[in-house]
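1. Any chance you can model this:
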Amino acid sequence: MGGEESKEKAATSTVDTDGAIKTSVVTAGRPKHRKDEQYTVLWVDENIDSNNPDCKNTLAQLHIVVNEVKQCTKWEECIEWLSMNREETFYVIVSGGLGQSLVPNIHSMPNLDSIYIFCGNQQRHEEWARRWSKIKGVHTSINPICDALKLAIKHRNQDNVRVSIIGVNEGSSNENINQLEPTFMYSQLFKETLLELEYGEQAIKDFAKFLKKEEYYNNKKEKQMIKEFGNTYDRSNAIFWYTRECFMYKLLNEALRTLNGDLIIRMGFFLCDLHQQIERLYQNQVGQYYGKTFQLYRGQGLSTTDFTKLERNKGGLISFNNFLSTSKKRDVSVYFATKSAVISDTVGVVFQILIDPTISLTSFASIRELSDHEDEDEILFTTHSVFRIGEIRKIDNNLRLYEVDLKFTADDDKQLRKLTDRIRQESESPTGWCRLGKLLLKTGQFDKAEELYKVLLKQTTNNNERVFIYHQLGLLNNEKGKYTEAASSYEMSLKLNQRNLPEDHPSLANTYNNLGQTYQNMDNYSKAMEFYEKARRIKEKTFAPYDPDLAIFYGNIGQVYSKMGQYEKALEFYEKDLEITRVALPPNHPNLATCYNNKGQVY
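-> Residues are numbered from 1 along each chain as shown. Below is the predicted model of the structure:
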């Protein structure tokens, strides 16, 4: 439990406002900016002329399908786009002449989904195009290419549903909850938090204003829909907007897939409205299902990594981290899964979900009457539905195609209940908005967390809330390497806390420890020792002698003494750290190695 010391930088331990220990090297940078649109079309043709009417028409048609269309007059430009943006998914439209040179150079790139040949002589280019599996067609008109793109993107959306898989015993013991799959924990927390918040009309107006940016205003169709959304949206038509072929579906699923805090907050009102509309429909429709069990199906691709984890965790839990679309028709799901099975590093999966309404903890509803696609009898589950993993069967010997049985979790599912309770404890905060800020901080979205906390500071006069917010600002500034600002925030939190708490309260020790860490990061060791000692005195009074958290403080103090050249003192506290760690943790725990390493460096 002691902090690991190195010649370059010490890994020290901060304590959250709820007492959770967080150990890290404090050099976190800003999260990478992500585009809201995850798909890009690269149109490659040496004859592209943006002033030509035919080119303008082609671009207009493509923009109806996807917002991001990049024009390349040299095939090398296409390669550069693919090489420099490996996290995006690309679709390439290329002329027949350039295609013969380009395709061999890009075909194996994993971020390239498919290629379409756009030429004047279909018969000539079909012959060589057959040799490349990612070439999905040779066309002389843009219209069939647009139709093929729509279908390809629909398949990709189906596969992009992110899943979290939890083993059958995970979370049922006293293990650190942060060892669970992060997407499971944080996506569940985002959902719970957003559904607890209240949203007014201003949230809708702010979102409509957010949409009015260049990326969407390049698209005439989207521009019209944004205007319509601002004028007509209300919570009773959330499903209609979700099922339309427009920005809403794309943005919400991208936000949930990537845990993009900024986008999730902006769309919180819509997530809440969509969830509540599904809840209302479920209550109206559940009578139809009484006493009946039936099957629903979903076909999609899983990465080979996710599928291997799925196979290893039969009997465990799987969470779909967005709103889940399913069908009563197995053949529809098999079609989607089969399309995915031929993609490299992907396994086609047909999820077969056993529906027993008498034990359902998850809301689902037929949305046929409210959907923009009335011909599709879609059953929509609310976001982050959790199921128990059953049997896994291969259904095609020639393809990577499997069927996986899923069933509802029940009220008495002990593992899920323990997980849920512990996740809620992990994010405990004075208010829902404070909780959301804490989530943003935990997922590394420091700038957005800081922005939210500063707004909350202006709005609240509650002392406990202000104590919490200043402490969180200290944590995030420490993570960003802004140690002066971190110290100022911690000291303000301490000052406010001292108004209402006795001088030996454990909450004060947490702040003292974090102040000690901050000054240690600033190489102000005497100041760091002052605060570490205050923390130690409180903890020794209030903690049991072999509490693991007490070892944290001894390890931190040992680090500072070592930095100050007082090696006997450092050794004294490293010994205390090691003594507690030996008792509190199993013999193969990595923190023991850290303790021995710290002692070794003193010698």
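
2. So for stretch 377-397, what gets flagged as buried?
-> Glu378, Ile379, Leu380, Phe381, Thr382, Thr383, His384, Ser385, Val386, Phe387, Arg388, Ile389 (16 or more other C-beta atoms under 10 Å). From N, CA and C alone the C-beta is placed, and that goes for glycine too.

3. Could you check how far the most centrally placed residue in the chain is from Lys458?
-> By C-alpha atoms, centre = their mean, the chain has its centre lying nearest to Leu259, at 2.9 Å. Leu259 sits 26 Å away from Lys458, going by C-beta to C-beta, to the nearest Å.

4. pLDDT weak spots in the stretch 101-250 of the chain?
-> Scanning the stretch 101-250 of the chain for pLDDT under 70 picks out 170-183, 185, 214-218.

5. Got the domain ranges for the protein?
-> Domain ranges of the chain: 12-30+444-602, 39-159, 163-171+290-422, 177-282, per automatic domain parsing.

6. Convert the C-alpha atoms of stretch 465-474 to PDB, please.
-> Presented in PDB, the C-alpha positions along stretch 465-474 are these (Å, rounded to 0.1, in the frame of the first residue of the first chain):
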ATOM      1  CA  GLU A 465     -21.600  20.800  -1.100                       C
ATOM      2  CA  ARG A 466     -18.900  23.500  -1.300                       C
ATOM      3  CA  VAL A 467     -16.600  21.300   0.800                       C
ATOM      4  CA  PHE A 468     -17.100  18.500  -1.700                       C
ATOM      5  CA  ILE A 469     -16.700  20.600  -4.800                       C
ATOM      6  CA  TYR A 470     -13.500  22.300  -3.600                       C
ATOM      7  CA  HIS A 471     -12.000  18.900  -2.700                       C
ATOM      8  CA  GLN A 472     -12.900  17.500  -6.200                       C
ATOM      9  CA  LEU A 473     -11.300  20.600  -7.800                       C
ATOM     10  CA  GLY A 474      -8.200  19.800  -5.800                       C
END
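
7. Now do it: everything it contacts.
-> Identification of contacts with stretch 465-474 by C-beta atoms under 8 Å, 6 or more residues apart in numbering yields 16-17, 429-431, 434, 437-438, 441, 449-450, 453-454, 456-457, 460, 485-487, 489-490, 492-493, 496-497, 510-511, 514, 518.

8. if you average pLDDT over it, what comes out?
-> Average pLDDT, stretch 465-474: 93.

9. what do you get for stretch 54-71?
-> On average, stretch 54-71 scores 90.

10. cool, stretch 268-276 as well?
-> The model assigns stretch 268-276 a mean pLDDT of 94.

11. quick one: contacts of it?
-> 191, 194-195, 197, 199, 203-204, 207, 235, 238-239, 241-242, 248, 252, 264, 323, 363, 382-383.

12. Which ones among those lie within helices?
-> If you go by DSSP state H, those have 191, 194-195, 203-204, 207, 238-239, 241-242, 248, 252, 264 in helices.

13. Between the residues you listed, which sits nearest Leu112?
-> The shortest approach to Leu112 among the ones in helices among the contacts of stretch 268-276 belongs to Leu252, at 25.7 Å (C-beta to C-beta).

14. quick one: contacts for the closest one?
-> Tyr242, Met267, Phe270, Leu271, Leu274, Asn322, Phe323.

15. all strands for the stretch 51-200 of the chain, in order.
-> With DSSP state E, counting those that start in this stretch as the criterion, the stretch 51-200 of the chain has strands at 68-72, 89-94, 112-118, 135-139, 163-166.

16. In a markdown table: these, plus distance to Leu475 and mean neighbour count.
-> Output for the strands of the stretch 51-200 of the chain, formatted as a markdown table (distance: least, C-beta to C-beta, whole Å; neighbours: other C-beta atoms under 10 Å):
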| stretch | distance to Leu475 | mean neighbour count |
| --- | --- | --- |
| strand 68-72 | 36 | 18 |
| strand 89-94 | 35 | 24 |
| strand 112-118 | 40 | 22 |
| strand 135-139 | 49 | 20 |
| strand 163-166 | 25 | 22 |
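
17. Quick one, which of those strands gets closest to Tyr39.
-> Of those, the one closest to Tyr39 (C-beta to C-beta) turns out to be strand 89-94, at 5.2 Å.

18. pLDDT below threshold where in the stretch 501-603 of the chain?
-> Using pLDDT under 70, the stretch 501-603 of the chain drops low at 588, 590, 593, 597, 599-603.

19. Show me where it has its helices.
-> 506-521, 525-542, 548-563, 567-584, 590-602 (DSSP state H, counting those that start in this stretch).

20. Which strands and helices lie in contact with the second one?
-> If you count contacts as 3 or more C-beta pairs under 8 Å, 6 or more residues apart in numbering; DSSP states H and E, helix 525-542 packs onto helix 506-521, helix 548-563.

21. Equivalent analysis for the first one, please.
-> Based on contacts counted as 3+ C-beta pairs under 8 Å, 6+ apart, the elements that helix 506-521 packs against are strand 12-15, helix 463-479, helix 483-497, helix 525-542, helix 548-563.

22. same check, this time on the fourth one
-> For helix 567-584, the contact count by 3+ C-beta pairs under 8 Å, 6+ apart identifies helix 548-563, helix 590-602 as packing neighbours.

23. Now do that helix against helix 548-563, angle only.
-> 160 degrees (axes from the mean of the first three to the mean of the last three C-alpha atoms, to 10 degrees).

24. change the start of the numbering to 12 and stick with it
-> With the count now opening at 12, the last piece we talked about shows up as helix 578-595.

25. Asn488 contacts Asn525, correct?
-> No. The criterion here is C-beta atoms under 8 Å, and Asn488 misses it with Asn525 at 10.7 Å.

26. out of the two, which sits in the more crowded spot?
-> Under the criterion of other C-beta atoms under 10 Å, the comparison of Asn488 against Asn525 puts Asn525 first, with 29 against 22.

27. any idea how far the closest residue in space to Phe375 that isn't next to it in sequence is from Pro513?
-> The shortest distance from Phe375 to any non-neighbouring residue, by C-beta to C-beta, 6 or more residues apart in numbering, is to Phe392 (4.4 Å). Going from Phe392 to Pro513 by C-beta to C-beta gives 49 Å.

28. quick one, which of the helices and strands packed on helix 578-595 is nearest to Glu586?
-> The nearest among these, by C-beta to C-beta, is helix 601-613 at 7.4 Å.

29. shared neighbours of Asn488 and Asn525, anything?
-> What both Asn488 and Asn525 touch, as defined by C-beta under 8 Å, 6+ apart, is the set Ala497.

30. returning to what we had before: who are the contact partners of the residue nearest to Phe375?
-> Neighbours of Phe392 in contact, by C-beta under 8 Å, 6+ apart: Ile289, Phe331, Phe334, Leu335, Ser336, Thr337, Thr373, Ser374, Phe375.

31. before we move on, what about Val594?
-> Val594 neighbours (C-beta under 8 Å, 6+ apart): Tyr557.

32. So which of the buried residues of stretch 388-408 belong to strands?
-> Among those, the residues falling in strands (DSSP state E) are Glu389, Ile390, Leu391, Phe392, Ser396, Val397, Phe398, Arg399, Ile400.

33. Distance of the closest residue in space to Phe457 that isn't next to it in sequence relative to Lys459?
-> Leaving aside its sequence neighbours, Phe457 sits nearest to Leu487 (C-beta to C-beta, 6+ apart; 4.7 Å). Using C-beta to C-beta, Leu487 is found at 10 Å from Lys459.

34. which one of these two has more residues nearby?
-> Leu487 (25 against 21).

35. Between the helices of the stretch 512-614 of the chain, which one is closest to Arg428.
-> Closest among those, once you apply C-beta to C-beta, is helix 559-574, at 25.4 Å.

36. Just name whatever secondary elements the closest one is in contact with.
-> strand 23-26, helix 517-532, helix 536-553, helix 578-595, helix 601-613.

37. Make TSV out of the ones you listed and add distance to Ala352.
-> Shown next, in TSV, are the helices and strands packed on helix 559-574 (distance: least, C-beta to C-beta, whole Å):
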stretch	distance to Ala352
strand 23-26	46
helix 517-532	51
helix 536-553	56
helix 578-595	48
helix 601-613	40
